[in-house]
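Q: this is a predicted model, with the sequence first.
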Amino acid sequence: MKKVLAIAAGSVLAACGGGDSTEVSGDPFCQAVLPRVAAYMEQARSQHPTPSDPRYGGTVVIGSIGEVADGLNSAISADHSSTQHQQFVGLMTLVNYDAQLNAQPYLAESWEISEDGRAITFHIRQDVYWHDGERTDANDVAFTYEVVTDPLTAFPNAAFWDHYVKEPEGVEVIDDFTVRISLEPHSEFLDPFRTLGILPEHLLRDVPHDQLAQHPFGEQCPVGNGPFVFVEHRSQDRWVFEANPAFPAALGGRPFVDRYVYRIIPEQTTLLTELLTENIDVYLAPRPDQAQQILDDPNLELLAYTFRNYVFVGWNSRKPQLSDARVRRAITMATNREEIVQAILLGYGTVANSGVPPFHWAYDDENVPTLAYDPTAARALLDEAGWRDRDGDGVRESADGTRLSFSIKYNTGNQQRQDVAEIMQAQLAQVGIEARPQVVEWATLLQQINTPTLRDFDGVVMGWVTEFKLNDMDLFHSARIDQPYAWVGTHNPEIDRLLEQLSVTVDREEAKEVWREYQAAIVEEQPYTYFYFPDRLDGVNRRVRGAVMDARGEWLNIKDWYIDPASR
Amino acid sequence: MTKYLLRRLLGAVPLVLGIATIVFFAVNLAPGDPTLYFLSPGMTQEVVEQTRINFGLDQPVHVRYARWLGAMLTGDFGYSFSHSRPVLDVLADFLPNTLLLSACALGVAFFFGILVGTYQAVRQYSLSDSAFSVVLLFFYSMPSFWLALMLILTLSLFARNVWEWPIWFPASGMTSTEYDFLSFGGQVRDRIAHLVLPTLSLALVLTAGIARYMRGSMLEVIRQDYVRTARAKGLSERVVVFKHALRNALLPIITLVGLYIPVLFGGTVFIETIFAWPGMGRTIVEAINTRDYPLVMAGSFFFASMVVAANLIADVLYAVVDPRIRYE
């Protein structure tokens, strides 16, 4: 017995006292690259001593539910936290946006556009170094452009390059710090260069493009040129970055904090606890029902701002019940979206009428008609469209006996979308429409709606995150009806025309007018019942100073955040 | 014994392969498509096809099965879609963390389960026996994720912010962010502090079960003639209970190890998610959600193997501690 107990106790102690599990990645690429980064950083620290300002120092910890899925591999990423880390933490983009969403110099010191609008020449900064000591130059930009425009790479945001001339003719290195890219004149053509992190050509040029997705550069040993240097990534646990002492002084020099840690905590209750117990400084995107607890804590503040994502119900116009735009308009009018924002988001959100977010220059709530909550008008519209309750069962039928009844699908584990579907069910019943909420597992749902030959849904609650360059081509243009995202199957020549016009209108003032027309057309067509732009919420410990977060992202000015020296 | 072991091991091979096969087809035939995770507007169908080819999903399912099986037998589990690296590397990252947590939970559960059960049996029908029964029944009926949230609420949030206790436990992760800068002793303390809540959440339910079994088993043994003899010899109660009775009462408990290992692995799925423990249970669930076929298959394969192995070990242990049992 003693033996058994001793073994048990021994193994518990041995296990719990636990060996060290810090692993140096065994990959040859990482083994070659990491020592060079360490050596260069050593040198950079001695050459660029930290200025004597009390704001320098300390660690900031951000907690969030999800991984930085693609790390710093900008060639394959589309998800939010990955692109944010590429733009503002580890890599650099050619341009940045100011608060009015106008492009500002960043890695590109300046740029000019040719007279005919068919070429853009970027002049690259000459004082930016990769974290292994190589200088960033025009070849890196050209290389990155070649990678992302090569179909083999499967760069997810291929729409960026719709009007660009693809490699190899599309890009030309003029000298070490000048690069020219060819394009067709089109709207918001700089937007891709706001989000595309430039990659190191000297490290990745030999990697076949279809293998970039699996390359250890992304998550195991990224080498960037941005304000923060990669230190460590423990999968599903944390990313650690440290300040880059050699970051160009003209761009603000090294970040104030010494270290930045990103922690992955998949459960939101745990995240809130960690924020309240000051184990993390920033809790990204708490639920609206957690907002009050953050507001109640004097050490914390709650940031709330409109973001680029919206929630909607898409209507499959291939279905007989939903093919008539009048029915879709009636559905929207019978739904009290204002009340839904109050009920589901506790007021942290704005009712949406199209995919144009409220802060965007194309947004216009004065001159664009909206479908306000009006059940009486909805009933009249349904009568007019020929849907009447002919058998007295409370549900309307068409002349041929089709019932105005459909399912609304949403994905498992998403309470907000479930609430949307259920509230809709109750409100639509008031005007004689039978809506049946139906929950489907996420991967299955994606397949049902994305597969062009399937489109197995009536209504579906979904969400989109838009770029600043708004582009509904894939959603509503009839030429793309056989592509994955034409869920609702819109076929409307007017919308086609406006979408085409929007994509090539360069001037914003000119574009605004087209945007108004387009938004009015969308309201008329109602391919989606747009619900809301939820506010993005962030819980931030007050010891973190200077954090600015808005639709451009949470990491926007992370290099300018500093920790209150008194509470470090 | 050796013969028996060999036979069991050989028997385990088709079992594990069978499980792997079922998992393969269940995962591959389930609706959903891993490439859809890499889709976003602006991607054309050609890009989707390219991704599919990059993943090797352009082949029919029986060809993929043959390839997978062939590769697996040579120790190659392929590339994880969502982690973008070899599946074995992914497992090497996560499996040890799950094993650490499970081992701690198992250790704690057996230690306290045996202790409490023995105590209850010795003090049968006393007030403390009933009190323990009520408390154990409570823990036994609580789902472990609820228990986990309550532990976070009390031992982390309230302990620090409301009651201002000197000791409170971190609610997530395996180590704190300043771990690398701690002294060795500090690192050990830091790790133990992070283990407390997840271990307790997993162990409490098991402890309750083990204590019930232990109490029953002990009660049976304590009435045996040899225990009476030991008492008659004038041995102290302590020696009677711990030396003569406990050893025999432990026999049926050992089989519980084999029974509880699958329960434990199932429990880690929730516990790892709630406590942000970078382990295998959470990783497999995420892999299922993103249809990361190679990772799901390899993960289930390893879990299945470990459950089979745990059962085998329990059976062997049984023979080791009970000389009456001989496997032929």
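A: Structure received.
Q: what residue in chain A comes nearest to chain B?
A: A:Ala159 (2.5 Å; C-beta to the nearest C-beta). Any C-beta I mention is one placed from the backbone N, CA and C, and that applies to glycine too.
Q: doesn't A:Asp472 make contact with that residue?
A: No - when contacts are counted by C-beta atoms under 8 Å, A:Ala159 is not listed as touching A:Asp472 (10.5 Å).
Q: neighbour count winner among the two?
A: Set side by side, A:Ala159 and A:Asp472 show more neighbours around A:Asp472, with 23 against 19, by other C-beta atoms under 10 Å in any protein chain shown.
Q: do you know how far that one is from B:Pro34?
A: Separation of A:Asp472 from B:Pro34 (C-beta to C-beta, to the nearest Å) stands at 27 Å.
Q: quick one: the helices in the stretch 101-250 of chain A, in order.
A: Here the stretch 101-250 of chain A has its helices, by DSSP state H, counting those that start in this stretch, at A:138-149, A:191-195, A:201-204.
Q: between those, which one is nearest to B:Phe94?
A: Set against B:Phe94 and scored by C-beta to C-beta, those come closest in helix A:201-204, at 27.4 Å.
Q: what's the weakest-modelled helix or strand in chain B?
A: Within chain B, no helix or strand scores below helix B:45-55, which has a mean of 75 by mean pLDDT, DSSP states H and E.
Q: briefly note if that one comes near chain A.
A: Yes - residues of helix B:45-55 contacting chain A under C-beta under 8 Å from any C-beta of the partner chain: B:45-48, B:50-51, B:54.
Q: drop anything exposed from the residues you listed.
A: For these, a neighbour count by 16 or more other C-beta atoms under 10 Å in any protein chain shown gives the buried set as B:47-48, B:50-51, B:54.
Q: give the next helix or strand downstream of the least confident helix or strand of chain B.
A: On the C-terminal side of helix B:45-55, the nearest following helix or strand under DSSP states H and E is helix B:61-73.
Q: list the buried ones in that following helix?
A: B:64-65, B:68, B:72.
Q: what's next to that helix, contact-wise?
A: B:20-21, B:24-25, B:28-29, B:56-57, B:59, B:77-78, B:294, B:297-298, B:301 (C-beta atoms under 8 Å, 6 or more residues apart in numbering or on different chains).
Q: quick one: average pLDDT of stretch A:449-456?
A: For stretch A:449-456, mean pLDDT rounds to 92.
Q: to clarify, my last question referred to stretch B:83-97.
A: Mean predicted confidence for stretch B:83-97 is 89.
Q: ok, it near chain A or not?
A: Yes - using C-beta under 8 Å from any C-beta, stretch B:83-97 reaches chain A at B:83-85, B:89-90, B:92-94, B:96-97.
Q: and the helices in the stretch 401-550 of chain A?
A: Listed in chain order, the helices of the stretch 401-550 of chain A (DSSP H, counting those that start in this stretch) span A:415-429, A:442-450, A:473-476, A:493-504, A:508-525.
Q: give me the contacts around the second one.
A: Under the criterion C-beta under 8 Å, 6+ apart, residues A:314, A:409-413, A:440, A:454-457, A:460, A:462, A:484-485, A:487, B:30-33, B:36-37, B:39, B:289-291 lie in contact with helix A:442-450.
Q: hey, which of the helices of the stretch 401-550 of chain A is tucked in deepest?
A: Sort those by mean neighbour count, taking mean count of other C-beta atoms under 10 Å in any protein chain shown, and helix A:473-476 sits at the top with a mean of 22.
Q: and that helix, is it in reach of chain B?
A: Yes - counting by C-beta under 8 Å from any C-beta, chain B has neighbours in helix A:473-476: A:473-475.
Q: domain ranges for chain B, per the record?
A: For chain B, the structural domains run B:2-86, B:94-321, going by automatic domain parsing.
Q: out of the ones you listed, which gets the lowest mean score?
A: Among the domains of chain B, domain B:2-86 scores lowest, with a mean of 82.
Q: mind checking the end-to-end distance for that domain?
A: Using C-alpha to C-alpha, to the nearest Å, the end-to-end distance of domain B:2-86 comes out at 36 Å.
Q: can you map out the helices along the stretch 1-150 of chain B?
A: B:2-29, B:45-55, B:61-73, B:87-122, B:127-141, B:144-151.
Q: nearest to A:Gly197, out of those?
A: A:Gly197 sits nearest to helix B:45-55 of all the helices of the stretch 1-150 of chain B, at 19.9 Å, using C-beta to C-beta.
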